[in-house]
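S.K.: Coordinates for the following, if possible.
(one chain, ligands or ions: 1)
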Amino acid sequence: MIIGGVEIKGAALAPMAGYTDAGFRAVCSLCGAGAVYTEMISAKGLIYDSEKTKDLLFFTPYEKVSCAQIFGNDPYFIQAACEHKIMDKFALIDINMGCPVPKIVKNGEGSALMNDPLLAQQVVKAAVKSGRRITVKCRTGFSSSEHCADFVKMMQDAGALAVTVHGRTREQFYSGKADLQPIKKAVENVSIPVIANGDIKDKKSAEEALAYTGAAGVAVGRGALGNPFVFAQIAGGTPPMTVSEAIKMHMDILLEIYPERKVVNDMKKHIAFYTKGKKGGKELKLKAFCAQSVNEIKEIAKSL
Ligand SMILES: Cc1cc2nc3c(=O)[nH]c(=O)nc-3n(C[C@H](O)[C@H](O)[C@H](O)COP(=O)(O)O)c2cc1C
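M.R.: Take a look at the predicted model:
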């Protein structure tokens, strides 16, 4: 798939707040992710120079195609965020129009933009004025998927170079099965690449989503948690590292940005996924939750 001249080979790692940090993105990239997304970053937060926001935009050369995801509904701040120097290093800037969290929706941001497609277009047009490559990630709709194809077309008309569609409405949050039909209709309605997303967790589900929707690519979210190797599987290759090596690399990268205490705490969430369903996993997870140092986590990771 080619987005604005940028070639993406392999499934993308979908943006996930609290999870798609620079360490995890590096691991997924080495495992075969063709593009990786930061977690969503507030456009206003970036303009007001928040250090925390900038830490979220740290990345390593392991990433093949690095994408920054921003959120906001004010065209002025969106354009300013896209023009920010820190964005020079990103291949694509994605605008979040899918976040279902009440705090975000109440502000008219994230998935709320699907209820105001004209404002969503203004947001994209403002972003495009920055001269960067702009993409959008949305859901199939806010309360119904009826207008998904029209919405994606409106994003194309506003200048988005690609749209990732999560096959659920905002009201569904993460419940039920992802609905690929509205994604298929969106694909038929536009000429830009559409990326299908939702419940893709292995080669079979990736191939089925691609075949059914005709999408240009797929993005994997939760299926990559505790299993960054899913990208190697989808690409038909072998994982280039073990779980223990993945966890070590992940932490080593985070240590370049954060103090050890934060790295250990952040890793606990990932360890919970790595231990899921494994023999002795519960005990290892408990051990990890009591860990105080990176070395303790590395020791635990050796048993995974
Ligand atoms: C913990 C978590 C955090 C997420 N954060 C974001 C985010 O920051 N931006 C975004 O566009 N989507 C976010 N999502 C949605 C995912 O990118 C994806 O669309 C959704 O999980 C469906 O795909 P999946 O079934 O492969 O997980 C998040 C999902 C989860 C589970």
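S.K.: make it CA atoms for all contacts and neighbour counts henceforth
M.R.: Noted.
S.K.: list the helices and strands the helix or strand bottoming out on mean pLDDT in the chain packs on?
M.R.: Within the chain, no helix or strand scores below helix 51-56, which has a mean of 90 by mean pLDDT, DSSP states H and E. Packing partners of helix 51-56 (3 or more Cα pairs under 8 Å, 6 or more residues apart in numbering; DSSP states H and E): strand 35-42, helix 43-47.
S.K.: how about JSON lines for those, with mean neighbour count and mean pLDDT added?
M.R.: Output for the helices and strands packed on helix 51-56, formatted as JSON lines (neighbours: other Cα atoms under 10 Å; pLDDT from 0 to 100):
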{"stretch": "strand 35-42", "mean neighbour count": "24", "mean pLDDT": "98"}
{"stretch": "helix 43-47", "mean neighbour count": "20", "mean pLDDT": "96"}
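S.K.: so which of the ones you listed comes closest to the ligand?
M.R.: strand 35-42 (3.9 Å; Cα to the nearest ligand atom).
S.K.: In its sheet, which strands sit next to that closest one, and in what direction?
M.R.: strand 12-13 (parallel), strand 66-71 (parallel) (DSSP bridges).
S.K.: Name the stretch among those that sits most buried.
M.R.: With neighbours defined as mean count of other Cα atoms under 10 Å, the strands paired with strand 35-42 peak in mean count at strand 12-13, which reaches a mean of 26.
S.K.: So is it next to the ligand?
M.R.: No. Strand 12-13 lies out of reach of the ligand by Cα under 6 Å from any ligand atom, never closer than 8.0 Å.
S.K.: following that strand, which helix or strand comes up?
M.R.: As assigned by DSSP states H and E, the chain's next helix or strand after strand 12-13 is helix 22-30.
S.K.: ok, so what distance separates the spatially closest residue to Val152 that is not a sequence neighbour from Phe77?
M.R.: Among residues not flanking Val152 along the chain, Ala186 sits closest, at 6.2 Å (Cα to Cα, 6 or more residues apart in numbering). Distance, Ala186 to Phe77, using Cα to Cα, to the nearest Å: 28 Å.
S.K.: For those two, indicate the residue with more neighbours.
M.R.: More neighbours surround Ala186 than the other of Ala186 and Phe77, with 25 against 22 (other Cα atoms under 10 Å).
S.K.: Can I get the helix or strand harbouring that one in PDB, CA atoms only?
M.R.: Using DSSP H and E, the element containing Ala186 is helix 181-189. Only the C-alpha atoms of helix 181-189 are listed here, as PDB (Å, rounded to 0.1, in the frame of the first residue of the first chain):
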ATOM      1  CA  GLN A 181     -19.500  -4.500   5.800                       C
ATOM      2  CA  PRO A 182     -19.400  -0.700   6.300                       C
ATOM      3  CA  ILE A 183     -15.600  -0.800   5.600                       C
ATOM      4  CA  LYS A 184     -16.200  -2.700   2.400                       C
ATOM      5  CA  LYS A 185     -18.700   0.100   1.300                       C
ATOM      6  CA  ALA A 186     -16.200   2.800   2.200                       C
ATOM      7  CA  VAL A 187     -13.600   1.100   0.100                       C
ATOM      8  CA  GLU A 188     -16.000   1.100  -2.900                       C
ATOM      9  CA  ASN A 189     -16.800   4.800  -2.400                       C
END
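S.K.: which residues are contacting it?
M.R.: 140, 145-146, 148-150, 152-153, 165, 167, 193-194, 196, 212-215 (Cα atoms under 8 Å, 6 or more residues apart in numbering).
S.K.: Equivalent analysis for stretch 162-175, please.
M.R.: The contact list for stretch 162-175, computed with Cα under 8 Å, 6+ apart, reads 3, 98-100, 111, 134-145, 152, 155-156, 177-180, 182-183, 192-198, 219.
S.K.: Which ones among these also lie next to the ligand?
M.R.: Okay, of these touching the ligand (Cα under 6 Å from any ligand atom), that's 98-99, 137, 197-198.
S.K.: Please, where are all the helices along the protein?
M.R.: 22-30, 43-47, 51-56, 75-83, 102-106, 117-129, 148-158, 181-189, 203-213, 230-235, 243-254, 260-275, 281-290, 294-301 (DSSP state H).
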